[in-house]
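> sharing a model that was predicted from the sequence below.
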Amino acid sequence: MASLFKAYNAALIRRPMLTQSLTAAVLFGGGDVIAQQLIESRGAEHDYTRTARLAFYGGACFGPPMTLWYQFLNRIKFASAKRAVIYRVWLDQAFLTPGAVVYFFGMMSLLEGKPYEAPDRIKSAYVPTIIRNWGVFIPAQIINFSLVPPQLRFAYVGVVSLFWNTYLSVANAEQSKMEAQTQDATMNVANLE
């Protein structure tokens, strides 16, 4: 186990973008598997396309910008370690998170082939998602920016995110289902007229 951690740490230093993007793909896909199997109890009815979509989002859409974000945060110098933690958490949660929530639900709508659902999905999911995010990630980021070495910060957040990605997968599936039901109801009313 120690050699695996050592190899992963070396990969993070040598190829941070690739390593962190692959990490994000595995964690988003893993979060969806947990969501479908443990929370939704789908069993053999597992939606592999949904898992692939979330893994793709993690690796291609989330991993690269998050790698750049953490590199940016790590380069900023502060007068004290305490200020560094406070301001990094504040920047992360006040600037990145609001956009990241919109980006997630917008990209999921696009990747599902339903870009027209994005505005309604974002509108209904935004506030509950961001409030839950702050409840999870403010404490997690305080730990991250105060105790975790810079090259491991993305990985640490990734582990926390495994559970968060499970929540996002369920929330997105619920929003998608609500949109489909609304659309079906609208079509039924239109057919009656």
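It's in.
> list the buried residues of stretch 30-47.
Neighbour counts over stretch 30-47 (16 or more other CB atoms under 10 Å) mark Gly30, Gly31, Asp32, Val33, Ile34, Ala35, Gln36, Glu40 as buried. The way it works is simple: take the backbone N, C-alpha and C, and place the C-beta from them, glycine included.
> just stretch 121-141 next, same as before
For stretch 121-141, by 16+ other CB under 10 Å, it's Arg121, Ile122, Ser124, Ala125, Thr129, Ile130, Asn133, Phe137, Ala140, Gln141.
> which of the helices or strands spans the first one?
For Arg121, the enclosing helix or strand under DSSP states H and E is helix 118-147.
> quick one: that helix to chain centroid distance?
9 Å (CA atoms, centre = their mean, to the nearest Å).
> same for it, what does it pack against?
Applying 3 or more CB pairs under 8 Å, 6 or more residues apart in numbering; DSSP states H and E, one finds that helix 118-147 contacts helix 81-91, helix 97-111, helix 153-192.
> output the contacting helices and strands for the first one.
Contacts of helix 81-91 with other secondary structure elements, assessed using 3+ CB pairs under 8 Å, 6+ apart, are made with helix 118-147.
> now do the helix it packs on and helix 97-111, the angle between them.
130 degrees (axes from the mean of the first three to the mean of the last three CA atoms, to 10 degrees).
> any chance of a markdown table for the buried residues of stretch 121-141, columns pLDDT and distance to Ala94?
Below are the buried residues of stretch 121-141 laid out as a markdown table (pLDDT from 0 to 100; distance: CB to CB, whole Å):
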| residue | pLDDT | distance to Ala94 |
| --- | --- | --- |
| Arg121 | 91 | 23 |
| Ile122 | 95 | 19 |
| Ser124 | 91 | 23 |
| Ala125 | 90 | 19 |
| Thr129 | 91 | 16 |
| Ile130 | 95 | 11 |
| Asn133 | 93 | 12 |
| Phe137 | 94 | 12 |
| Ala140 | 96 | 15 |
| Gln141 | 96 | 11 |
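> closest one of those to Phe78?
Gln141 (14.9 Å; CB to CB).
> double-check the closest one against Ala94; I have them as touching.
No - with contact defined as CB atoms under 8 Å, Gln141 does not count as touching Ala94 (11.4 Å).
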